[in-house]
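Engineer: Sequence and predicted structure below; questions after.
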Amino acid sequence: QVQLVESGGGLVQAGGSLRLSCAASGRTFDFSSYAMGWFRQAPGKEREFVAGISWSGGSTYYSNSVKGRFTISRDNAKNTVYLQMNSLKPDDTAVYYCAVSKYGNARANGNDYNYWGQGTQVTVSS
């Protein structure tokens, strides 16, 4: 079993920044073998892909809505993935979830992920 714990969410004004963290753990889980992703879900909307990173960190993938503003990174020594969010907009308001991919390369389809965190709320005020 794999546990994911997100942190770093909060309330920020438009134009501000937040850094989300997601710490992974599991007795036999090899964090460095799997891609990781960040997703978000706003009230009344479907979950959407935000960003993904390959097992090594050498490849990243972003949705068009956050490209150029958000940066995903990982520290395999700490079993942690990060999401640096800059130039935040009210439309970025959502619960943000990290997830473990079934594969080594980042993918945008949530069905390609098999472990999910509990989520952290991000609220951007105008």
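Structural biologist: Cool, the structure landed. Numbering: from 1, shown residues only.
Engineer: quick one: low-confidence ranges for the protein?
Structural biologist: Per-residue confidence for the chain (pLDDT under 70) gives no ranges below the cut-off.
Engineer: Give me the spatial nearest neighbour of the most centrally placed residue in the chain, chain neighbours excluded.
Structural biologist: The central residue of the chain, meaning the one whose C-alpha is nearest the mean C-alpha position (CA atoms, centre = their mean), is Trp38 at 2.3 Å. Nearest in space to Trp38, with sequence neighbours left out and distances taken as CB to CB, 6 or more residues apart in numbering, is Val50 at 4.4 Å. Where you see a C-beta, it was placed from the backbone N, CA and C, and this is true even at glycine.
Engineer: Just after the strand or helix carrying that neighbour, pick out the following helix or strand.
Structural biologist: Assigning secondary structure by DSSP states H and E places Val50 in strand 48-53. On the C-terminal side of strand 48-53, the nearest following helix or strand under DSSP H and E is strand 60-62.
Engineer: Can you name every helix or strand that whichever helix or strand comes after that following strand contacts?
Structural biologist: Later in the chain than strand 60-62, the nearest helix or strand by DSSP H and E is strand 70-75. For strand 70-75, the elements it packs on are strand 36-41, strand 48-53, strand 60-62, strand 80-85, judged by 3 or more CB pairs under 8 Å, 6 or more residues apart in numbering; DSSP states H and E.
Engineer: Report the angle between the second one and strand 36-41.
Structural biologist: Using axes from the mean of the first three to the mean of the last three CA atoms, to 10 degrees, one finds that strand 48-53 and strand 36-41 are set 160 degrees apart in direction.
Engineer: With just CA atoms, put strand 48-53 into CSV.
Structural biologist: Included here for strand 48-53 are C-alpha records, laid out as CSV according to Å, rounded to 0.1, in the frame of the first residue of the first chain:
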residue,chain,number,x,y,z
GLU,A,48,-8.4,17.6,-14.4
PHE,A,49,-4.8,16.9,-15.0
VAL,A,50,-2.4,19.7,-14.0
ALA,A,51,1.2,18.4,-14.3
GLY,A,52,3.2,15.2,-14.5
ILE,A,53,6.8,14.2,-14.1
